[in-house]
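Chemist: what follows is a predicted protein model with its sequence.
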Amino acid sequence: MVAFIGGRTVFRAAMALFVGVAAAGLLLPAAVQAQGILVDGDGMLVLPPDSEASRFDADQLERRGMDGLREILDELLPDTAAPAVLQTPVSQVNDLISQLSHDQFRVRQSAMERLRDVGEGARPLLMRAAKSENAEVSWRAVRILRAWDARKYADKPQHLEAYSAYCRLLRDESRLKELLRRTTQALEHGLWGETRQQVLVHSAAALLRADKEEYAAPLRPFLERGDLQIALLVLEAAGDAVQNVEPASFDRSQAMDLIVRAVGSPREEVAAVAINHAGYLIERSRSADSPLRKALQAAFEGTNESVRFQAACVLMQRCKLEAARDFVLGQLQAGDLSRKYAALNMLQSQPPRKAEPDRKLLDALQPLLNDADMNTRMMAVNVLSTYAGPEVVRRLLPLLGEKKERHIAMHVAQQLRQQPDKKMLRAEIKTVLEDPSKKSLHAELQSLLKQIGDESDRAESPEAAVVR
């Protein structure tokens, strides 16, 4: 029961101010200011209890056809539902509204509770009452409206599993058209709450899985306008939908087309996420001139340095494009430390080859092994250690003499012990030991020799080392 404490002893001036502020925001679903707020027994706004278990079942919704779709969308996207129909006579509702200012507290409270139970159909009448010059009527009308909004816009994660499964069952044109109408309408209204975002991802993915222009085209404008989060949501839906596309139509599917468009987006954040999707999808492209590869190549050849770098990483790692690798190596000499870190991270994420590195890589890494930045040195060691051979050993051995950052020397020793050709490693160590100018390294080198031991030589080929 709704109860108002204090009877007529209301601070009317303060209440009028509250009503004015509250009524101004009632029309916004971001009157989701009221999300999750209910009226308790003392007339105060409080958080609702934990959500109940989902009452929806995907198979049952599917059997109910259009009615099933509308019911679950009314629950999860209430701002797109048809206006509620008032079942109570207007005269009766107006009579209850007039009782909100009755002299007796019990009458006011009873009228407020009955109006709340009348439901959304009475919203236009309550909206008008919220603007009443009578402060008590306004205050109580606002409370009722906010209680409705709390129920209407509360987060409902318990329905997500059923809705996700249901969306994968949608095939018929009539329901897909209804889903398109309400999905685009909800996207226009905006996002609030994690559940709403996931509902719209599932909805957009269902439309893209239909793989028809009429369902994909209305989603494309959201990549370039409005809320960035909405653009990323549509892109997430495309990434979900493309996973189930048959190989024969993969490169030309509507979901892939949307990702390709996003790779070329002028919005850097959108392009970045699309390129990230491309990194997982590019190997499924059936030809070297697929739309996705062309889009990545165009991004790599563009003017936005951040987008160029991200495209280069994908083209280097997935397509083995030499020009992309050269660009990534060039970032190692960049003045931007974050870009240098990103390039080193990409290079050290490559699978260990235990083959000899090429001259380009050696020349790019050499200055970084002596960089003033400790993290840069450590990452350069990690990149170089994915390779094998005397050139690698010769560049790592001097780091054993690191005095200030001993953990770097310890890490280098560990990486050297993993070199597959122990005979070559011992020979390189002994060469340095014979050099009087390297006397400061002798103790560390002797220790490393002892750790390697006198085991029989295992000079494996790079291929054998990889297989092992």
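Modeler: The structure has been received and is ready for your questions.
Chemist: list the buried residues of the longest helix out of those in the chain.
Modeler: The helix that spans the most residues within the chain, counting by DSSP state H, is helix 135-153. By neighbour count on 16 or more other CB atoms under 10 Å, the buried set for helix 135-153 is 135-153. Every residue, glycine included, has its C-beta placed from N, CA and C.
Chemist: and the gap between Gln446 and Glu434?
Modeler: 13 Å (CB to CB, to the nearest Å).
Chemist: who's more crowded, those two?
Modeler: Gln446 (12 against 8; other CB atoms under 10 Å).
Chemist: helix or strand: which one has the more buried one?
Modeler: helix 442-452 (DSSP states H and E).
Chemist: count the residues that sit near Ser91.
Modeler: 8.
Chemist: again, but for Leu397
Modeler: Using other CB under 10 Å, Leu397 has 22 other residues around it.
Chemist: leaving aside the residues adjacent along the chain, what's closest to it?
Modeler: Among residues not flanking Leu397 along the chain, Val432 sits closest, at 5.7 Å (CB to CB, 6 or more residues apart in numbering).
Chemist: doesn't the one you found belong to a helix?
Modeler: Yes: assessed by DSSP: H, G, I helix; E, B strand; the rest coil, Val432 belongs to a helix.
Chemist: that one against Lys438, yeah?
Modeler: Yes: at 5.0 Å, Val432 and Lys438 qualify as touching, with contact defined as CB atoms under 8 Å.
Chemist: who has more neighbours, the two?
Modeler: A count of neighbours by other CB under 10 Å puts Val432 above the other of Val432 and Lys438, at 19 against 15.
Chemist: so what's the more buried one up against?
Modeler: Contact partners of Val432, counting by CB atoms under 8 Å, 6 or more residues apart in numbering, are 397, 438, 441, 445.
Chemist: again, but for Leu441
Modeler: 397-398, 400-401, 432.
Chemist: now with 6 Å?
Modeler: 400-401 (CB atoms under 6 Å, 6 or more residues apart in numbering).
Chemist: format the CA atom coordinates belonging to the longest helix of the chain as CSV.
Modeler: Output of helix 135-153 as CSV, limited to C-alpha atoms (Å, rounded to 0.1, in the frame of the first residue of the first chain):
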residue,chain,number,x,y,z
ALA,A,135,0.5,20.9,-5.4
GLU,A,136,-0.8,17.7,-3.8
VAL,A,137,-2.5,16.5,-7.0
SER,A,138,0.7,17.2,-8.9
TRP,A,139,2.9,15.5,-6.4
ARG,A,140,0.8,12.3,-6.3
ALA,A,141,0.3,12.2,-10.1
VAL,A,142,4.1,12.4,-10.5
ARG,A,143,4.6,9.5,-8.0
ILE,A,144,2.1,7.3,-9.9
LEU,A,145,3.8,8.1,-13.3
ARG,A,146,7.2,7.3,-11.9
ALA,A,147,6.0,4.0,-10.4
TRP,A,148,4.7,3.0,-13.8
ASP,A,149,8.0,4.0,-15.4
ALA,A,150,9.9,2.0,-12.8
ARG,A,151,8.0,-1.2,-13.7
LYS,A,152,8.1,-0.4,-17.4
TYR,A,153,11.7,0.4,-17.8
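Chemist: which secondary structure elements does that helix sit against?
Modeler: helix 12-24, strand 38-39, helix 105-118, helix 123-130 (3 or more CB pairs under 6 Å, 6 or more residues apart in numbering; DSSP states H and E).
Chemist: not counting the helix or strand containing Val234 itself, show me its contacts.
Modeler: Element membership for Val234, per DSSP H and E: helix 228-242. Applying CB under 6 Å, 6+ apart, the set of residues contacting helix 228-242 from outside is 187, 191, 197, 200-201, 204-205, 208-209, 219, 222-223, 255-256, 258-259, 262, 269-270, 273-274, 277.
Chemist: quick one: contacts of the helix or strand that that helix is followed by?
Modeler: Using DSSP H and E, the next helix or strand after helix 228-242 towards the C-terminus is helix 254-263. Identification of contacts with helix 254-263 by CB under 6 Å, 6+ apart yields 208, 211, 216, 223, 235, 238, 241-242, 270-271, 274-275, 277, 291-292, 295, 299.
Chemist: with stretch 338-348 instead?
Modeler: With CB under 6 Å, 6+ apart as the test, stretch 338-348 has contacts from 313, 328, 331-332, 334, 379, 382-383.
Chemist: quick one: average pLDDT of it?
Modeler: Stretch 338-348 comes out with an average pLDDT of 92.
Chemist: same question, stretch 309-327
Modeler: In this model, stretch 309-327 has an average pLDDT of 94.
Chemist: got it, and stretch 448-458?
Modeler: pLDDT averaged over stretch 448-458 gives 68.
Chemist: try stretch 94-108
Modeler: For stretch 94-108, mean pLDDT rounds to 94.
Chemist: my guess is Ile97 contacts Ala129, does it?
Modeler: Yes: Ile97 is in contact with Ala129 according to CB atoms under 6 Å; the separation is 4.8 Å.
Chemist: just the pLDDT for the nearest residue to Leu365 once chain neighbours are set aside.
Modeler: Residue nearest to Leu365 in three dimensions, not counting chain neighbours: Ala380, with 5.1 Å by CB to CB, 6+ apart. As predicted, Ala380 sits at a pLDDT of 96.
Chemist: what of Ser440?
Modeler: 88.
Chemist: do Gln297 as well
Modeler: Gln297 is assigned 96 on the pLDDT scale.
Chemist: circling back: tell me which entries of the contacts of helix 228-242 lie within helices.
Modeler: With DSSP H as the criterion, helices contain 187, 197, 200-201, 204-205, 208-209, 255-256, 258-259, 262, 269-270, 273-274, 277 from among these.
Chemist: separate out the buried members of these.
Modeler: Neighbour counting by 16+ other CB under 10 Å classes 187, 197, 200-201, 204-205, 208-209, 255-256, 258-259, 262, 270, 273-274, 277 among the ones in helices among the contacts of helix 228-242 as buried.
Chemist: show me the shaky parts of this protein.
Modeler: Scanning the chain for pLDDT under 70 picks out 1-54, 286, 352-353, 454-468.
Chemist: on that earlier part again, could the contacts of stretch 338-348 go into CSV alongside neighbour count, distance to Leu160 and secondary structure?
Modeler: Formatted as CSV, the contacts of stretch 338-348 follow (neighbours: other CB atoms under 10 Å; distance: CB to CB, whole Å; DSSP: H, G, I helix; E, B strand; the rest coil):
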residue, neighbour count, distance to Leu160, secondary structure
Cys313, 25, 33, helix
Val328, 22, 39, helix
Gln331, 22, 41, helix
Leu332, 22, 44, helix
Ala334, 14, 43, coil
Met379, 22, 40, helix
Asn382, 16, 40, helix
Val383, 23, 42, helix
